[in-house]
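1. the following block contains a protein sequence and its predicted model.
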Amino acid sequence: MADDVFSRIVKGEIPAKKVYENDKVLSFVDIAPVNKGHVLVIPKKKYETITDMPEELAGELFRAVHKVAKAVVKATNAEGYNILVNNKRASGQEVPYVHAHIIPRFADDGFRFGWRTLKYEENEIDDFQKKIRSFL
């Protein structure tokens, strides 16, 4: 079975416009950007989702996201930015390799998330709070 695109980038089999790299993570310009200057940050070792990663590596990934996001904002003169990690196909993940998007944003860029909101039934929010806390 062939490696996915990110595994091949890490191996150097596919060229990438790298912006940051250390021994654990790699960041490069997205070739299909939402806005110009959109970059991805990935761990060098493949994991499908953020929760599959060891906690220490997840921290290293987000330290890199923090560093690269500052650079993206300065380089693009962005008015804002999104940091997005999709986990599993139902969330929109297309490549089964954890990756964080850093998307520079502008007031008139026309990109919008199709967010919808729900309401909790009586006491339902308390039930979710208790259930989530029980797994921590």
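-> Structure received.
2. now the helices for this protein?
-> 5-11, 55-76, 124-134 (DSSP state H).
3. a markdown table for the ones you listed, including mean neighbour count?
-> Placement of C-beta: from N, CA and C, glycine included. Output for those, formatted as a markdown table (neighbours: other Cβ atoms under 10 Å):
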| stretch | mean neighbour count |
| --- | --- |
| helix 5-11 | 17 |
| helix 55-76 | 16 |
| helix 124-134 | 10 |
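4. format those helices as CSV; extra columns: mean pLDDT and distance to Lys44.
-> Shown next, in CSV, are these (pLDDT from 0 to 100; distance: least, Cβ to Cβ, whole Å):
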stretch, mean pLDDT, distance to Lys44
helix 5-11, 96, 5
helix 55-76, 98, 9
helix 124-134, 96, 31
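5. for Val10, which residues are in contact?
-> Neighbouring residues of Val10 by Cβ atoms under 8 Å, 6 or more residues apart in numbering: 26, 42, 44, 46.
6. where does the protein have low pLDDT?
-> Counting by pLDDT under 70, the chain has low-confidence residues at 1-2.
7. any idea which residue sits dead centre in it?
-> Central residue of the chain (Cα atoms, centre = their mean): Ala100, 1.7 Å from the mean position.
8. now that one, nearest residue through space, not along the chain?
-> Sequence neighbours aside, Val41 is the residue nearest to Ala100 in space, at 4.5 Å (criterion: Cβ to Cβ, 6 or more residues apart in numbering).
9. same check, this time on Asn82
-> Ile103 (4.4 Å).
10. what do you get for Arg8?
-> Nearest to Arg8 is Ile14, by Cβ to Cβ, 6+ apart, at 4.5 Å.
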